[in-house]
Every structure is written in C-alpha cells, then in structure tokens.
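[1] Kindly generate the corresponding structure for this input.
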Amino acid sequence: MLSKMRKGEKGFTLIELMIVVAIIGILAAIAIPQFASYRQRAQDSAAKSALKNLATAQENYYAEYNTYASALATLSAWFQPESTLSVSLLAADTDSWSATAKHTSSANTFTYNSSAGGLQ
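    Residues are numbered from 1 along each chain as shown. Sure thing, here's the model as predicted:
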C-alpha cells in the first residue's frame, strides 16, 4: 500500500533540490567574476570612445576656426560626454591637442594626444 501512495505523489526530493542549489552556486561563482571583468572592459571602452568622439569634434572645430579648441565648452555643439565620464582637455593650440578620459567607476585613465598619433 505504501508503494501505491508513492507512485501517485509528485514533487522533488530534498536531495534533488540540494543538487540544483549546489549547481546554481557553482555557476554563480564562475559568472560573478566574469561579469565584473566585462563591466570593467565596457567602462574602459566608453572612455576610449569618448576620446575618439572628442577627436572628431576637435577636427570639426579645426575645420571651421583653423585652430583646436582649448576648452570643452567650446566644443559643445559637437561633443557632449556622458555623465559617467570625466573628460579633460589638457592642452590645445593651432597644431595639436591632448585630452584624458576616465569612467567614474574605473581606475583606468586614457590619454589622446593628436601629435603622438591618437589614443595612447
């Protein structure tokens, strides 16, 4: 009679549930460090992209005024950095310019120097 009752019951045993929880824990232990790495690379890519966009804005400014902009505010028609980025224009004259960019959540700072060939 006991075997007839068990055949009709449906559900998971405690062992099956514990195995599933253990597998999920292992997958999470693998995925979380990878997620942090992907996030860091995305933040760094955003900073590099901002510098490349700034380079395009500087070239547009140069085409109009025959000099590079020395302040980011003068490039507002061509360049608006994201609020999560810190972009600084270091130097600019009629021949070259340089700038840095950093994501607020990243420790990496990237430099663009037009006289040295671009992104450093």
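[2] Every contact and neighbour count from this point should use C-alpha atoms.
    Fine.
[3] which residue is nearest the middle of this protein?
    residue 43 (1.9 Å; C-alpha atoms, centre = their mean).
[4] Which neighbouring elements make contact with the helix or strand hosting residue 62?
    Element membership for residue 62 (DSSP states H and E) is helix 14-65. On a contact count with 3 or more C-alpha pairs under 8 Å, 6 or more residues apart in numbering; DSSP states H and E, helix 14-65 meets strand 85-92, strand 97-103, strand 109-113, strand 118-119.
[5] excluding its backbone neighbours, what's nearest residue 90?
    residue 99 (5.0 Å; C-alpha to C-alpha, 6 or more residues apart in numbering).
[6] count of residues packed around the one you found?
    Residue 99 has 20 neighbours, counted by other C-alpha atoms under 10 Å.
[7] if we can go back for a sec, my guess is the residue nearest to the centre of the chain meets residue 105, correct?
    Yes: shown here, residue 43 and residue 105 form a contact pair, counting by C-alpha atoms under 8 Å, at 7.5 Å.
[8] just to revisit the earlier point, ok, the residue lying closest to the residue nearest to the centre of the chain once chain neighbours are set aside - contacts?
    Nearest residue to residue 43, sequence neighbours excluded (C-alpha to C-alpha, 6+ apart): residue 103, at 5.9 Å. Neighbouring residues of residue 103 by C-alpha atoms under 8 Å, 6 or more residues apart in numbering: 43, 44, 46, 47, 84, 85, 86, 109.
[9] Next one, pLDDT for residue 103 please.
    Per-residue confidence (pLDDT) for residue 103: 94.
[10] List the beta-bridge partners for it.
    Legend: beta-bridge partners of residue 103 under DSSP bridges are residue 85.
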